[in-house]
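[1] Sharing a sequence plus its predicted fold:
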Number of protein chains: 2
Amino acid sequence: MMKPMLQVALDTKTTAEALNIVRQVGDVVDVLEAGTLLIYEEGLDAVKALRAVGADKIVLADCKTADAGGAVAKECKEAGADWMTCICAATVPTMVSAQKEIEVQVELYGEWTKKQAQAWIDNGIKQVVYHQSRDAKFAGQTWGQKDLDAVKELIDMGFKVSVTGGMKPEVLKLFEGVDVYTFIAGRAIHGADDPYEAALEFKNEINRIWK
Amino acid sequence: MMKPMLQVALDTKTTAEALNIVRQVGDVVDVLEAGTLLIYEEGLDAVKALRAVGADKIVLADCKTADAGGAVAKECKEAGADWMTCICAATVPTMVSAQKEIEVQVELYGEWTKKQAQAWIDNGIKQVVYHQSRDAKFAGQTWGQKDLDAVKELIDMGFKVSVTGGMKPEVLKLFEGVDVYTFIAGRAIHGADDPYEAALEFKNEINRIWK
């Protein structure tokens, strides 16, 4: 079993704020994510900046692309991203055209079926992000057995599965023995008083659980 | 029956290109859409620019938001948008938190159900965009009775329905007698040799069919 990677979701409003976080946590995290809101605010210049400071990191453009996959993917790749996200509601041709340019992560939001997931993997998609919506979380949902079962099922299907949404260090032990690809933390890291310590807490917990 | 509005989807790579199109078609169209790709490229500055040149127009930020609806909506509103899009895979709380800030259009992509649509309208969402995916279109799908029936059903449910995806003037007559809210054309206008003439062709066809 591989040790899960740690990804920081940089859901900041400005590129400068994102870079400030990277300065603090860059030694600890494996993946730098340009958050959707950040890309809305700054465009793909945010991705270019993360590429510049994170030469040895994986850079993800969290575009949540729903259409014109190839065109968006080309732009993301040119900006320096290694991965980009497509929303699960995108059509398979959209995902496939993106995957031709760049490694695609399908973000699992709202309604999706195992039949759809099978179609993604049958068409060369390798990664999914199991996501608890922040707004759904605000509405009172929490991590639990249902999430764990869904993640395991996706891994069994052959996906590299990242998990995200209100992630905290104490949630990680729920996934003990599960081959999670990446844990994604946003405000738990960049919103912490000490982002470096917060990232380290995640990393230490990963190292403790996945020996 | 209201006369449908005409919306130009500015799916350009730069704000400058979008402004160039607006200069040509601004007298003809009702809604200026900052396309998803344009927002990825330029951030919400693209929306600010459209607001600046289109003081009397409706400005739409086509964010296709899937999460953090309230936060994205607030940014879009501050940038000057009147409307923004949420992807249909977003949760109802995401849509509702966005709708509190700005008028939301739900973009219908991939899998969605009438039950979901009912939940949207029950929660105060007023607009949907019936969308043929460009990639799906490349895969050989065309406009037809199935689309028309779906649009009519959504109107009967109480939605203001915009239609888009490979829209051409000759497609409009399919919707004769149907209370379409907005027709959205992208490259059929901005990719035309003469964008003004192309927009006028749409507008004339709307005026001919919806007297």
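    Nice, I can see it. Numbers count the residues shown, from 1 in each chain, chains lettered A, B, ... in the order given.

[2] which residues touch residue A:196?
    Listed by C-beta atoms under 8 Å, 6 or more residues apart in numbering or on different chains, the contact set of residue A:196 reads A:24-25, A:27-28. (Glycine included, C-beta is placed from N, CA and C.)

[3] Give me the most central residue, chain A.
    Residue closest to the average C-alpha location in chain A (C-alpha atoms, centre = their mean): residue A:184, at 5.5 Å.

[4] How about that residue: what's its closest non-neighbour residue?
    residue A:164 (3.6 Å; C-beta to C-beta, 6 or more residues apart in numbering or on different chains).

[5] and the one you found, how many neighbours does it have?
    By other C-beta atoms under 10 Å in any protein chain shown, 21 other residues sit near residue A:164.

[6] Now do it against residue A:127, distance only.
    For residue A:164, the distance to residue A:127 equals 12 Å [C-beta to C-beta, to the nearest Å].

[7] can you check residue A:46 too?
    Residue A:46 is 21 Å from residue A:127, by C-beta to C-beta.

[8] swap in residue A:44?
    20 Å.

[9] now residue A:201
    For residue A:201 relative to residue A:127 (C-beta to C-beta), the value is 25 Å.

[10] what residue ranges in chain A are flagged as low confidence?
    A:133-141 (pLDDT under 70).

[11] Strands along chain A, start to end?
    With DSSP state E, the ranges of strands along chain A come out as A:5-10, A:31-34, A:58-65, A:83-87, A:103-108, A:127-131, A:160-164, A:182-185.

[12] Export the ones you listed to CSV and append columns for distance to residue B:86.
    Converted to CSV, the strands of chain A look like this (distance: least, C-beta to C-beta, whole Å):
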stretch, distance to residue B:86
strand A:5-10, 20
strand A:31-34, 20
strand A:58-65, 11
strand A:83-87, 11
strand A:103-108, 14
strand A:127-131, 15
strand A:160-164, 19
strand A:182-185, 22
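
[13] what about the longest helix in chain A?
    The longest helix of chain A (DSSP state H) is helix A:195-209.

[14] Next, the angle strand A:5-10 makes with it.
    150 degrees (axes from the mean of the first three to the mean of the last three C-alpha atoms, to 10 degrees).

[15] With just CA atoms, put helix A:195-209 into PDB.
    The C-alpha trace of helix A:195-209 is given here as PDB (Å, rounded to 0.1, in the frame of the first residue of the first chain):
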ATOM      1  CA  PRO A 195      -0.400  26.500   8.600                       C
ATOM      2  CA  TYR A 196       3.000  24.700   8.900                       C
ATOM      3  CA  GLU A 197       2.000  23.000  12.100                       C
ATOM      4  CA  ALA A 198      -1.400  22.200  10.700                       C
ATOM      5  CA  ALA A 199       0.100  20.600   7.600                       C
ATOM      6  CA  LEU A 200       2.600  18.700   9.800                       C
ATOM      7  CA  GLU A 201      -0.200  17.300  11.900                       C
ATOM      8  CA  PHE A 202      -1.800  15.800   8.800                       C
ATOM      9  CA  LYS A 203       1.500  14.500   7.600                       C
ATOM     10  CA  ASN A 204       2.400  12.900  10.900                       C
ATOM     11  CA  GLU A 205      -1.000  11.300  11.100                       C
ATOM     12  CA  ILE A 206      -0.500   9.900   7.600                       C
ATOM     13  CA  ASN A 207       2.900   8.600   8.600                       C
ATOM     14  CA  ARG A 208       1.600   7.000  11.800                       C
ATOM     15  CA  ILE A 209      -1.400   5.200  10.100                       C
END
